[in-house]
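> Fold the following for me, if possible:
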Amino acid sequence: MKGLMKKNWLLCAVVLGAALSCREAPPPVGPTPTPAQLAWQQMEMNLFVHFGPNTFSGLEWGLGSEAEDLFCPTGLDCRQWARIARAAGMKGIILTAKHHDGFCLWPNPYSRHTVRESRWRDGSGDVLKELAEACAETGLKMGVYISPWDRNDPTYGTPAYNDNYARTLRSVHDGTYGPLFEHWFDGACGEGPNGKRQVYDWPLFHRSVLDLQPQAILFSDTGPGARWVGNERGIASETNWSTLHIEGFSPGAGAPPTESLSGGDEDGGHWIPAEADVSIRPGWFWREAENDRVKRVDELMDIYLGSVGRNAVLLLNVPPDTSGRIHPVDSARLMAFRRRLDAVFGNDLSQGARVQTSSSYGLRFRGRNLLRGGYDTFWAAAAKDTCASFILDLPQERCFNRLQLQEYIPLGQRIRSFVVEIPAEDGRWQLLAEGSTVGYKRILTFPEVRSRRIRVRITSAKASPVLCGAALFLDNDA
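Below you'll find the model as predicted:
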C-alpha cells in the first residue's frame, strides 16, 4: 500500500512539474512594443549624420537662399562613414537628407533646391544612394531626417506645401533607397521665404511613410514609433517609462511637457520609447574651429549610461567635414569610446553565479534564465509577487561597480522601483544602491565594492516582475 501511495505521489509530482514547465508566459501589462519597436530598441546606438550646405557655410540653420553650388564635398565617402559607425558599435545611420534650409541630398523631383542643381558631380550625385549602398555592404540599417520646415520652398506656409512635402517623403520611401528603419520628424516650424509659417498635416505625413514602409519607426515629440528625449544632451531621466500620453499633443510647439518627454508617463496609453540625440561636437554640423572640442571618452561614457543605461536609444551625431568624410579627431574618439565600452561591458562578472529567487511563475521561468544570455528567456516572479527579489551567489568574491538589468518588455514595462544590497560583515543586507524604472535596459552605477553575493529587491511594480537579464561589471576608469 505504501509503495502504491509513493508511486501515485511521484506520478502527481511528474504531472504537476510538466504542467508548470509548459505553463504559458504571464499576460502582458499595459501597452507593449511592436516587433519593429523591439528591434529598434535592441539597436541601442545609432549614428546621426548632419551634412549639407551648413557644413560649408558654418551655419546651424541655413537660410534657404544659399546657392546650390555651395554644396560641393571634395571626396564624399559614405563607405568611410559606415566603416567607422560599425567599428564604433553603431547599428544604423540616420542622415539629414533635408534640413531646414530645404536643400535635398538626393535629386528630389519635387524640389529645385537639390544636389541635381549643384556643381557637385556635375549634378548627377545622390548622397542617399551612396549611403544606402554603403550601409547594405556594411550590414548597417539606414534612416533619414527630412525636416518639414523648408526655408526655400515657395509653397511653404500654404496648403499646397503639405502635399508637396508628402510627395517628397514618398520619393525617399518608395523603395529607391531600400528599407529605411527610422524616419526622423523634426517639429521645427519657422517662417518660409514668404514670411509665413506652415500648419503641418501630421496624419498625411505619417501615412506617406507608413503606406510605403510600414515597419519604419516614426520619430517625433509624440512618436508614434519613438519620442524625443526632451533635450539635446543625450540624457534621459533616471525614471524613464516607455509609455506616453499623446492625446492633445503634437510635435513641435504642441509637444508634451519636458518631464514627459524625458521620463515618459507611467500610465501612458501608448508605447513610445525615448531616443536621446546628442552631438559629439558643440554644434550639429562640422566646423573646423571645433576640432579641439570633440567630446572626451568620459563624456561619451556618461552619455551612454544616461541614455542606453536609462532605457533609451542613443543617437550620436558625428558630422562629416567639407571633404565629405568623418574627421580623424572624431573617428579616433569613437574608437576610444568603443574600446572603453568593450573593456567595461565585455566582461560579465555575474557568470558562474547561482541564482536564488523569491518565487517563479513556473519551471520555464526560473531565476537561472537571468544569466542565460538570450533576450527571450526570462525569469518571471509568481503572479502576485510584485515585491519579488533575486540573489546572485557568485563563485567567489568579485569587485564590481555596475549592475545591468533588463525587463522583458514584450510583456510590458512593470518595475517602478528597486534596491540593490550586499551583505555587511555581520551578514545583514545593507543598501548599495537604488533605482526606479528598468525597461529594456538599466545600468546602475555605484562605488566599487567587493562581494560574493548581491541581492536585487523590487520594491514596487505594476505586476509581477519579468526580467531577462542581470549582469555585473567593473569600470576601472570610473
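> how about low-confidence regions in the chain?
Scanning the chain for pLDDT under 70 picks out 1-23.
> can I see the domain layout of it?
35-345, 354-473 (automatic domain parsing).
> want to throw the ones you listed into JSON lines with distance to Pro28 and mean neighbour count?
Any C-beta I mention is one placed from the backbone N, CA and C, and that applies to glycine too. Shown next, in JSON lines, are the domains of the chain (distance: least, CB to CB, whole Å; neighbours: other CB atoms under 10 Å):
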{"stretch": "domain 35-345", "distance to Pro28": "11", "mean neighbour count": "20"}
{"stretch": "domain 354-473", "distance to Pro28": "5", "mean neighbour count": "18"}
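> of all these, which lies closest to Ala25?
Comparing these against Ala25 with CB to CB, the closest turns out to be domain 354-473 (6.7 Å).
> now the domains of the chain as a markdown table including distance to Pro27?
Listed next are the domains of the chain as a markdown table, based on distance: least, CB to CB, whole Å:
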| stretch | distance to Pro27 |
| --- | --- |
| domain 35-345 | 16 |
| domain 354-473 | 8 |
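> any idea where the strands of the stretch 301-450 of the chain begin and end?
312-317, 354-357, 379-380, 389-407, 415-423, 429-435, 442-461 (DSSP state E, counting those that start in this stretch).
> Throw those strands into TSV and include distance to Phe345, thanks.
Supplementary listing: those in TSV, determined by distance: least, CB to CB, whole Å:
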stretch	distance to Phe345
strand 312-317	14
strand 354-357	20
strand 379-380	21
strand 389-407	8
strand 415-423	18
strand 429-435	18
strand 442-461	9
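> now for the domains of the chain, which one comes closest to Glu24?
Closest to Glu24 of these is domain 354-473 (CB to CB; 8.7 Å).
> Now Asp277: phi and psi?
Phi and psi for Asp277, reported as degrees, to the nearest 10, are phi -100, psi 140.
> and it, what is it in contact with?
Phe48, Trp228, Val229, Glu232, Gly234, Leu315, Asn317 (CB atoms under 8 Å, 6 or more residues apart in numbering).
> do you know how far it is from Asp393?
41 Å (CB to CB, to the nearest Å).
> out of the contacts of Asp277, which are inside strands?
Phe48, Trp228, Leu315, Asn317 (DSSP state E).
> thought the last one was touching Val49?
Yes. Using CB atoms under 8 Å, Asn317 is in contact with Val49, at 7.2 Å.
> Now Tyr177: which helix or strand?
In the assignment (DSSP states H and E), Tyr177 maps to no helix and no strand.
> now it, nearest residue through space, not along the chain?
Ala132 (4.3 Å; CB to CB, 6 or more residues apart in numbering).
> Could you do Leu218 as well?
Nearest non-adjacent residue to Leu218 (CB to CB, 6+ apart): Gly225, at 4.4 Å.
> distance of that neighbour from Ser147?
18 Å.
> and of the ones in strands among the contacts of Asp277, the nearest to Trp81?
Distances from Trp81 to these, taken by CB to CB, are shortest for Phe48, at 11.1 Å.
> quick one: contacts for the closest residue to the closest one other than its chain neighbours?
Leaving aside its sequence neighbours, Phe48 sits nearest to Asn317 (CB to CB, 6+ apart; 3.8 Å). Residues in contact with Asn317 (CB under 8 Å, 6+ apart) are Leu47, Phe48, Val49, His50, Asp277, Val278, Ser279, Ile280, Arg281, Trp284.
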